[in-house]
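Chemist: Requesting a structural model of the entry that follows:
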Amino acid sequence: MESPQIEIWQYVVAGLAALAAGMVNALAGGGTLISFPVLTALGIGAVAANVTNTVALVPGYFGATLAQLNDIKAQRERAWIFAPAAVIGGIIGGFLLLNTGEKLFRALVPYLILMASLLLAVSDPVRNWMLKRAGKQGASAASLAMIGAVPVALAAIYGGYFGAGLSVIVLAVLGLFLNDSLTQLNALKQLVAFCTNVAAAVFFLFSGQVVWPVAIVMMVCALIGGNVGGRFAKRIKASQLRMLVVAIGLVVSVIYFIKG
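Modeler: Alright, predicted model coming up:
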């Protein structure tokens, strides 16, 4: 793929979008709803924009996973089952994306953004359900249901294909199959999201679709944004920021629908 001509101001815009996405991901989730539309607005094709965005935001997922490493280590057996499922799903999702034509994927974009926005909107109800479930059943370490790896892999396929809203899907799936505290399930969710995105990103490295100059700028900015977001995590109400991102996603999806 021939890289599009990117001007200096466009690098700045892409960097700012990645900075915002990194912060939003650290605080509330849904950063892709900011960074992906910006890349397409800069003239990058929809598939290439999605691929570049996935690669660029990996450092942020790494930082978030590292922050919950102790909780992940405490449930090593589960991690060894869910991580491979996430990797396989991420690769399949990436493969499907690269084999979706530009025209078809662009037609799917408004639906994908709308679905991701709705998923983000229900994240608080999902979290409240998880808390109630844990409160009623306790945080006992129930045996891992191997069948749970299948829906996790299916969620990872979606994550490798587009990604926004993946965390909500994974958390809901884990809540259905595991009986544990929200802290433990959040850690597993983060591991699954990280493995999914890394697997897709590594697969994308050899696709020829990554706009590397933009991706490198975004990587640095996403890492800074994630760090800044982490520092402000206790000062900003995540639910309010999440609703703002949902509103942005809904507006963007409407724009895509109108533009066709």
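Chemist: Where does pLDDT dip in this protein?
Modeler: 1-4, 28, 127, 130-131, 133-145, 230, 233-236, 238, 260 (pLDDT under 70).
Chemist: Reduced to three states, what does residue 30 come out as?
Modeler: Following DSSP: H, G, I helix; E, B strand; the rest coil, the label given to residue 30 is coil.
Chemist: show me the contacts for it.
Modeler: 24, 116-117, 120, 164-165, 242, 245-246, 249 (C-beta atoms under 8 Å, 6 or more residues apart in numbering). Every C-beta, even on glycine, is put in place using the N, C-alpha and C of the backbone.
Chemist: same check, this time on residue 214
Modeler: By C-beta under 8 Å, 6+ apart, residue 214 lies in contact with 6, 10-11, 14, 39, 42, 44, 52, 56.
Chemist: Show the residue spans covered by the helices in the stretch 151-260 of the chain.
Modeler: Here the stretch 151-260 of the chain has its helices, by DSSP state H, counting those that start in this stretch, at 166-177, 182-205, 212-231, 238-259.
Chemist: between those helices, which gets nearest to residue 97?
Modeler: helix 182-205 (7.9 Å; C-beta to C-beta).
Chemist: Which positions within the closest one qualify as buried?
Modeler: Of the residues in helix 182-205, those buried by neighbour count under the rule 16 or more other C-beta atoms under 10 Å are 182, 184-201, 203-204.
Chemist: Repeat that for stretch 7-18.
Modeler: For stretch 7-18, burial by neighbour count (16+ other C-beta under 10 Å) applies to 10-11, 13-18.
Chemist: before we move on, what about stretch 56-72?
Modeler: Under the neighbour-count criterion of 16+ other C-beta under 10 Å, stretch 56-72 has 56-61, 63-65, 68, 71-72 buried.
Chemist: ok, residue 55 - contacts?
Modeler: 201, 204-205, 210, 215, 219.
Chemist: could you redo those residues as a markdown table and give each row distance to residue 90?
Modeler: Compiled in a markdown table, these are given as follows (distance: C-beta to C-beta, whole Å):
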| residue | distance to residue 90 |
| --- | --- |
| 201 | 8 |
| 204 | 10 |
| 205 | 13 |
| 210 | 16 |
| 215 | 17 |
| 219 | 18 |
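Chemist: now, which of the residues you listed sits nearest residue 78?
Modeler: Nearest to residue 78 among those, counting by C-beta to C-beta, is residue 201 at 23.3 Å.
Chemist: Good, wrapping up.
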